[in-house]
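In: Predicted model follows, preceded by the sequence.
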Amino acid sequence: MTYKLNYEGATEPFAVVSVTTPGGAKTTAPTPAPERDDYTFGGWFKEAACLNEFNFTTTKVVEDITLFAKWTSS
């Protein structure tokens, strides 16, 4: 899995985590959560537009995926 900070000028990637098990495996979000001046981190999403939040509790990772950070102006 690759975690992208999802804003212009960000140092990418935030984290790269190997999740390789037969049949997929659940994973956890990288800690600590990312920080950005004047913004609040709002979770990891399946696409850069931040429409579908990734569910770490129920989703098994069966292939390499990229998740994108959501930011809300503080």
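Out: Yep, that arrived.
In: where's residue 18 relative to residue 71, distance?
Out: Distance check for residue 18 against residue 71: by C-beta to C-beta, to the nearest Å, it reads 26 Å. The way it works is simple: take the backbone N, C-alpha and C, and place the C-beta from them, glycine included.
In: and residue 1, how many residues sit next to it?
Out: For residue 1, the count of nearby residues is 19 (other C-beta atoms under 10 Å).
In: repeat for the one 3 residues further on
Out: A count of nearby residues for residue 4, using other C-beta under 10 Å, gives 18.
In: Which residues are in contact with it?
Out: If a contact means C-beta atoms under 8 Å, 6 or more residues apart in numbering, then residue 4 has 10, 12-14, 48, 66-69 as its contacts.
In: Repeat the analysis, applying 10 Å as the threshold.
Out: The contact partners of residue 4, by C-beta atoms under 10 Å, 6 or more residues apart in numbering, come to 10, 12-15, 34, 44-45, 48, 66-69.
In: same deal with residue 71?
Out: Residue 71 makes contact with 5-7, 10, 34, 36, 38-42, 50 under the criterion C-beta under 10 Å, 6+ apart.
In: rerun at 8 Å
Out: Each residue near residue 71 by C-beta under 8 Å, 6+ apart is listed here: 6-7, 36, 39-42.
In: Output the below-cut-off pLDDT ranges for the protein.
Out: When residues are selected by pLDDT under 70, those of the chain lie in 19-22.
In: re earlier: format the contacts of residue 71 as a markdown table; extra columns: distance to residue 54.
Out: Converted to a markdown table, these look like this (distance: C-beta to C-beta, whole Å):
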| residue | distance to residue 54 |
| --- | --- |
| 6 | 13 |
| 7 | 18 |
| 36 | 19 |
| 39 | 19 |
| 40 | 18 |
| 41 | 14 |
| 42 | 12 |
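In: I'd like the list of those that fall within strands, please.
Out: Within the contacts of residue 71, membership in strands is found for 39-42, as judged by DSSP state E.
In: nearest to residue 1, of those residues?
Out: Sorting the ones in strands among the contacts of residue 71 by distance to residue 1 puts residue 41 at the head of the list, at 16.9 Å, by C-beta to C-beta.
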